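Participant: structure here, sequence nowhere to be found:
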């Protein structure tokens with residue numbers, strides 16, 4: 001394969017994207033779980049908001065996995081892989097609605113940090129498609145974290 005990025009650089013970028021995929025998929029699962037189980041006076045608002053968010057994440061994981069494949073690496077796809085690679089903690093039980101929001105803020109911020117950590121690798125390899133993907137993901141996660149944080153203000 002010769003796309004102008006060395007095999008070593010492709011491997012490092014794919015490894016980083018695998019962590020981003022694991023964080024994104026774990027956040028997808030958590031958001032879907034919260035969608036199903038949210039209760040309380042904000043039920044309708046949160047139920048719909050979480051649905052919008054998990055649907056967006058479902059599309060995102062596909063984009064990330066396909067970028068890994070375009071770099072000629074295998075995209076991780078098992079719960080074991082994701083558990084090993086993610087930086088996002090699983091929820092303990094079913095949190096209250098406000099705690100769900102806090103956990104999702106933390107999750108989106110974690111995805112932002114993971115995505116940001118990959119820019120030096122993409123930049124060093126002149127991997128503009130990966131940098132573009134990271135930029136797109138950061139825009140979504142930063143905006144979503146802001147929207148969720150706004151629900152926590154009194």
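Facilitator: The structure has been received and is ready for your questions. Source: prediction; values computed, not measured. Numbers count the residues shown, from 1 in each chain.
Participant: in contact with residue 50, which residues?
Facilitator: Contact analysis of residue 50 by Cβ atoms under 8 Å, 6 or more residues apart in numbering lists 31, 32, 34, 35, 38, 100, 104. For glycine as for every other residue, the C-beta is placed from the backbone atoms N, C-alpha and C.
Participant: for residue 78, same thing?
Facilitator: Applying Cβ under 8 Å, 6+ apart, no residues qualify as near residue 78.
Participant: quick one, phi psi at it?
Facilitator: Backbone torsions of residue 78, given as degrees, to the nearest 10, read phi -110, psi 160.
Participant: gap between it and residue 51?
Facilitator: With distances taken as Cβ to Cβ, to the nearest Å, residue 78 is found 25 Å from residue 51.
Participant: re earlier: so which of the contacts of residue 50 belong to helices?
Facilitator: 31, 32, 34, 35, 100, 104 (DSSP state H).
Participant: circling back to that earlier point, how about a markdown table for the contacts of residue 50, with neighbour count, distance to residue 93 and pLDDT added?
Facilitator: Formatted as a markdown table, those follow (neighbours: other Cβ atoms under 10 Å; distance: Cβ to Cβ, whole Å; pLDDT from 0 to 100):
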| residue | neighbour count | distance to residue 93 | pLDDT |
| --- | --- | --- | --- |
| 31 | 26 | 16 | 98 |
| 32 | 17 | 16 | 97 |
| 34 | 24 | 12 | 97 |
| 35 | 19 | 16 | 98 |
| 38 | 21 | 13 | 97 |
| 100 | 25 | 11 | 97 |
| 104 | 27 | 16 | 98 |
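Participant: closest one to residue 87 out of these, please.
Facilitator: residue 104 (14.5 Å; Cβ to Cβ).
Participant: and the nearest residue to the closest one once chain neighbours are set aside, how close does it get to residue 36?
Facilitator: Nearest residue to residue 104, sequence neighbours excluded (Cβ to Cβ, 6 or more residues apart in numbering): residue 148, at 5.3 Å. To residue 36, residue 148 is 18 Å away according to Cβ to Cβ.
Participant: the two - which one has more neighbours?
Facilitator: residue 148 (23 against 12; other Cβ atoms under 10 Å).
Participant: report the central residue of the protein.
Facilitator: By Cα atoms, centre = their mean, the chain has its centre lying nearest to residue 24, at 2.4 Å.
Participant: measure it to residue 34 for me?
Facilitator: Distance, residue 24 to residue 34, by Cβ to Cβ: 16 Å.
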